[in-house]
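Novice: Fold the following and give me the result.
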Amino acid sequence: MSLLKSENTTHQPLYLQIKEALKKQILDGDYVPYERMPSESNLMKTYGVSRITVRQSLRDLHTEGLIFSSQGKGTFVSKPKAMQEVKFLEGFAEAMTPKGYEVSARLLSIREVRPNKDVQKNLNIRAKDGAIEVVRVRYLNREAVSVDTSYFPMSIGRKLFARDLCGDIFTLLENELDIALGRADISLEARPADGDTAKLLLVKVGDPIMWVQRLTHSVDGSPIDYEYLAFRGDAYKYQFQIARNALRKSDV
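Specialist: Residues are numbered from 1 along each chain as shown. The predicted structure is shown next:
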């Protein structure tokens with residue numbers, strides 16, 4: 001007997017009902033990461049629907065990143081990704097702690113370096129000016145999720161040596177160094193993990209990572225922090241919310 005409501009009593013098609021039922025079980029922990037899901041035949045019997053309906057439900061779950069398939073072995077539950085909703089400028093802990101995550105960081109190094117051309121351009125400095133480089137591993141629930149490499153102009157970076165860098169640097173800049181933050185320019189792309197990053201994130205060399213470049217400005221527009229952030233591709237994602245507040249001139 002079907003566990004679903006008929007399409008005459010609900011506005012949702014049957015495949016969406018099945019997808020939502022399975023999604024709830026996954027998110028509730030009834031199916032744990034990497035556990036094998038019931039076969040298509042079993043799902044057909046459980047919900048009293050056709051194979052086409054079951055496959056559409058599974059396709060939707062796959063699209064949402066909740067399951068993955070292995071040729072000849074079946075369908076398995078994916079490891080849920082932590083999501084940071086990017087609506088305004090905030091630090092890692094500021095974004096994730098309210099969601100119930102335990103957030104921490106481990107400082108790998110802090111040193112004066114000769115900045116490369118990319119860092120020079122973004123921080124508006126010269127190679128001979130030097131910069132301060134801070135490298136940290138960030139953790140969610142004690143699992144490494146990102147390797148953060150941050151660069152600061154010397155006037156700011158020198159003040160970081162005596163500070164606790166295991167929390168959000170944004171909070172530190174504002175509360176301890178009295179630097180009011182303004183805006184950030186962010187770019188994202190997919191990259192394969194190199195040897196050092198793979199070792200720190202406990203993934204294989206070549207595994208996908210989300211590569212983020214973020215340039216943060218003070219309220220007066222001065223560049224103060226340029227970062228390379230390497231996130232585990234299987235553990236973290238950004239979600240952006242944008243609004244179209246006015247029509248473009250070409251649409252008028």
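Novice: now the protein, which segments are flagged as low pLDDT?
Specialist: Scanning the chain for pLDDT under 70 picks out 1-10, 80-86, 241-252.
Novice: For it, just list every one of the helices.
Specialist: Here the chain has its helices, by DSSP state H, at 14-27, 40-47, 51-63, 92-96, 117-123, 154-157, 169-175, 195-201.
Novice: for those, which one sits closest to residue 185?
Specialist: helix 117-123 (8.5 Å; C-beta to C-beta). All C-beta atoms are positioned from the backbone trio N, CA, C, and that covers glycine.
Novice: mind listing what's buried in that closest one?
Specialist: Neighbour counts over helix 117-123 (16 or more other C-beta atoms under 10 Å) mark 119-120, 122-123 as buried.
Novice: Likewise for stretch 101-121?
Specialist: 101, 103, 105, 110, 115, 119-120.
Novice: With stretch 30-42 instead?
Specialist: 31, 37.
Novice: Could you verify my assumption that residue 23 touches residue 66?
Specialist: Yes: between residue 23 and residue 66 there is a contact at 6.2 Å, judged by C-beta atoms under 8 Å.
Novice: Compare these two (neighbour count), which wins?
Specialist: residue 66 (21 against 16; other C-beta atoms under 10 Å).
Novice: how much space between that one and residue 233?
Specialist: According to C-beta to C-beta, to the nearest Å, residue 66 and residue 233 sit 15 Å apart.
Novice: Check the burial of residue 193 by counting its neighbours.
Specialist: 22.
Novice: give the contact list for it.
Specialist: 201, 203-209, 230 (C-beta atoms under 8 Å, 6 or more residues apart in numbering).
Novice: go with 6 Å
Specialist: 203, 207, 209 (C-beta atoms under 6 Å, 6 or more residues apart in numbering).
Novice: Filter those down to the buried ones.
Specialist: Buried among these (16+ other C-beta under 10 Å): 203, 209.
Novice: where along the stretch 101-250 of the chain do the strands fall?
Specialist: 103-113, 131-140, 143-153, 181-192, 208-218, 223-232, 236-240 (DSSP state E, counting those that start in this stretch).
Novice: Now render those as a markdown table, adding distance to residue 88.
Specialist: What follows is the strands of the stretch 101-250 of the chain, written out as a markdown table (distance: least, C-beta to C-beta, whole Å):
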| stretch | distance to residue 88 |
| --- | --- |
| strand 103-113 | 18 |
| strand 131-140 | 19 |
| strand 143-153 | 19 |
| strand 181-192 | 9 |
| strand 208-218 | 13 |
| strand 223-232 | 16 |
| strand 236-240 | 11 |
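Novice: Out of these, which gets nearest to residue 72?
Specialist: strand 208-218 (22.9 Å).
Novice: Show me what counts as buried in the closest one.
Specialist: Quick answer for strand 208-218 (16+ other C-beta under 10 Å): 209-212, 214-218.
Novice: can you name the two of the buried residues of helix 117-123 that are farthest apart?
Specialist: 120 and 122 (7.6 Å).
Novice: so what are the domain limits for this protein?
Specialist: 14-77, 82-240 (automatic domain parsing).
Novice: Quick check: the gap between the spatially closest residue to residue 54 that is not a sequence neighbour and residue 154.
Specialist: Excluding the flanking residues, the one nearest residue 54 by C-beta to C-beta, 6 or more residues apart in numbering is residue 43, at 4.7 Å. As for residue 43, its distance to residue 154 is 61 Å (criterion: C-beta to C-beta).
Novice: Can you give me the neighbour number for residue 222?
Specialist: 13.
Novice: Return the backbone torsion pair for it.
Specialist: phi -80, psi 130 (degrees, to the nearest 10).
Novice: could you list every residue that touches it?
Specialist: Neighbour list for residue 222: empty [criterion: C-beta under 6 Å, 6+ apart].
Novice: Residue 78 now?
Specialist: Residue 78 touches 65-68, counting by C-beta under 6 Å, 6+ apart.
Novice: filter those to the buried ones?
Specialist: For the contacts of residue 78, buried by 16+ other C-beta under 10 Å: 66-67.
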